[in-house]
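Undergrad: Build the 3D model from these lines:
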Amino acid sequence: MTLKLLQRSALSAVTLLSLTLVASKSWAEDANALIERWQNLEVGWEQQYSEYFGVPLSDRSPEFTEMIDILAQQSLANRQTSAILYAIPHDEELELILATSSGLAVQERVAVTQEELLQTVADFEDELLNPRRRRSTAYRQLAQQLHEWLVSPLSEHLETEGIEHLIFSLGQGLRTLPMAALHDGERFLIETYSLGRIPGYLLMDTGSRSLQNAQVLAMGASEFQDAAPLPAVPLELASIVPRLWQGQSFLNESFTLVNLQEQRQQQDYSIIHLATHAQFQPGDADASYLQFWDQRLSLTGLRELDWQSSPVELLVLSACSTARGDLQAELGFAGLAVQSGIPTVLASLWAVSDLGTLLLMSEFYEQLKTAPTPAVALRRSQLAALRGDLDFTPPPLSDNLPPGTLVGSPLPDQVERLDLSHPYYWSAFTNIGNPW
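TA: You can find the predicted model right below:
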């Protein structure tokens, strides 16, 4: 089903004409049916996320014209045509719904069972995560099959509409799929689009924000009592603050929840960077957590930190890991932004190599200086990793670096030799929440 539900004025990209201007009764019935289906989907997903987190997450009703209007406004503001693609597995088929900033609405049904689709997802992720396959392209066939199911049925519309930024809202079993690594036979999806991920339109932050002149609060730990060490974290923090961004950084013993709150009371930080283990696990929201030096902070506790009084626009979690194939873990990861109350969260789907994270994060903050959105900055960084263009420059030795920073150690030499072209290294990172 393909419908042009809205039309734009030639004078203004955000002027909406009435939906009552339809040419035929059957067209109107199709349009109403698609909008009703979308509304039911949005309401159902909002209830699912609210039940998981134990709090109501939205008091809005889903308005299709409002969503199209937001897409159009953001496309104009960011000079990137945007679209939202819903992918919902059913027992006997995959349902796709596409909405674009011009008002195009498309519904497609793909003949693949939920069992086959999710098994392919699991096999694909197994290939990406297998350490013995880092120099193999064996994942490519699975990447192409997933692209064929999830994106190809809409490729003609995406091309005709000139879509540059593709936002995914994904159903159960797909919410932690590394979309950037899907492949059309010639290129990865990230080579065609910048990407975003939202739990649903009702749960998407749609506000405008600016990160120009933002202060960064960078915190993390390289050592843990009951988790694997992250030896590159000191250099990661030092590469962000003060080399690339203004702000403060704190390592190990000073990486505490108390210090985080104290620093935010003393200074406004629009960007919070936490280089530490974050685990999204089966069970309720209290089972998933961020690891501080002296304690764990559950997802429930994360929301209680009051990120609005001193507004944080971007939270970066550079060492996340999500239990694969588990509904609750998926909800925790995909709902991270709306649960925390922070507009945009950049996080990893799995624990990427320590050195790989160092390089990619350094490049991300470099690109964030000039990119119109974090999504574009992330895409540029991922493309640099894919093409072997990452250029890491260790920060100069100075009194401003966190204690324990490995400047002058063999670590920078190892970094320079690291090949990050395999999607294991770069496709795990994704934007959640405000997709721009």
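Undergrad: Now do the strands for the stretch 201-350 of the chain: every range, in order, please.
TA: Under the criterion DSSP state E, counting those that start in this stretch, strands of the stretch 201-350 of the chain are mapped to 216-220, 247-251, 271-280, 289-291, 296-298, 314-322, 344-348.
Undergrad: Asp123: which of these is closest?
TA: Among those, the nearest to Asp123 by C-beta to C-beta is strand 314-322 (17.3 Å). Any C-beta I mention is one placed from the backbone N, CA and C, and that applies to glycine too.
Undergrad: Any chance you could list what contacts that closest one?
TA: With C-beta atoms under 8 Å, 6 or more residues apart in numbering as the test, strand 314-322 has contacts from 176, 211, 214, 220, 230, 236, 270-280, 290, 307, 329-330, 332-333, 337, 340, 342-352, 357, 361, 364, 374.
Undergrad: before we move on, back to that, compare the strands of the stretch 201-350 of the chain and report which one is nearest to Thr81.
TA: strand 344-348 (19.8 Å).
Undergrad: Mind telling me what element the residue lying closest to Ser321 once chain neighbours are set aside is part of?
TA: Spatial nearest neighbour of Ser321, excluding adjacent residues (C-beta to C-beta, 6 or more residues apart in numbering): Ala351 at 4.5 Å. Using DSSP states H and E, Ala351 is not contained in any helix or strand.
Undergrad: what does the one 5 residues further on give?
TA: Assigning secondary structure by DSSP H and E places Gly356 in helix 354-368.
Undergrad: From the contact counts, what lies against that helix?
TA: Judged by 3 or more C-beta pairs under 8 Å, 6 or more residues apart in numbering; DSSP states H and E, the packing partners of helix 354-368 are helix 233-240, strand 271-280, strand 314-322, helix 374-386, helix 411-417, helix 423-426.
Undergrad: low pLDDT regions in this protein?
TA: 2-29, 393-417 (pLDDT under 70).
Undergrad: Let's verify the residue nearest the centre of it: helix, strand, or coil?
TA: Closest to where the C-alpha atoms of the chain average out (C-alpha atoms, centre = their mean) is Asn431, at 2.0 Å. Under DSSP: H, G, I helix; E, B strand; the rest coil, Asn431 falls in the strand class.
Undergrad: Spit out the contact partners of Asp91.
TA: By C-beta under 8 Å, 6+ apart, Asp91 lies in contact with 113-114.
Undergrad: I'd like to know how far it sits from Thr100.
TA: To Thr100, Asp91 is 29 Å away according to C-beta to C-beta, to the nearest Å.
Undergrad: Mind putting the strands of the stretch 201-350 of the chain into a markdown table with mean neighbour count and distance to Leu117?
TA: Shown next, in a markdown table, are the strands of the stretch 201-350 of the chain (neighbours: other C-beta atoms under 10 Å; distance: least, C-beta to C-beta, whole Å):
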| stretch | mean neighbour count | distance to Leu117 |
| --- | --- | --- |
| strand 216-220 | 26 | 37 |
| strand 247-251 | 22 | 43 |
| strand 271-280 | 24 | 21 |
| strand 289-291 | 21 | 30 |
| strand 296-298 | 17 | 31 |
| strand 314-322 | 24 | 19 |
| strand 344-348 | 24 | 23 |
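Undergrad: export these to a markdown table and tack on distance to Glu159?
TA: Listed next are these as a markdown table, based on distance: least, C-beta to C-beta, whole Å:
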| stretch | distance to Glu159 |
| --- | --- |
| strand 216-220 | 38 |
| strand 247-251 | 41 |
| strand 271-280 | 34 |
| strand 289-291 | 40 |
| strand 296-298 | 44 |
| strand 314-322 | 31 |
| strand 344-348 | 27 |
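Undergrad: before we move on, back to that, extract the C-alpha trace of the helix holding Gly356 and format it as CSV.
TA: Extracted C-alpha coordinates of helix 354-368, given in CSV (Å, rounded to 0.1, in the frame of the first residue of the first chain):
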residue,chain,number,x,y,z
ASP,A,354,38.8,-1.3,24.1
LEU,A,355,41.2,0.1,21.5
GLY,A,356,38.5,0.2,18.8
THR,A,357,36.3,2.2,21.1
LEU,A,358,39.1,4.7,21.8
LEU,A,359,39.6,5.4,18.1
LEU,A,360,35.9,5.6,17.2
MET,A,361,35.1,7.8,20.2
SER,A,362,38.0,10.2,19.5
GLU,A,363,36.8,10.5,15.9
PHE,A,364,33.2,11.0,16.9
TYR,A,365,34.0,14.0,19.1
GLU,A,366,36.2,15.4,16.3
GLN,A,367,33.3,15.1,13.9
LEU,A,368,30.8,16.5,16.4
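Undergrad: Which residues does it contact?
TA: With C-beta under 8 Å, 6+ apart as the contact definition, helix 354-368 has outside contacts at 211, 216, 230-233, 235-236, 239-240, 244-245, 273, 275, 316, 318-319, 346, 348, 352, 374, 376-378, 380-382, 384-385, 390, 392, 411, 414-415, 418, 420, 425-426, 429.
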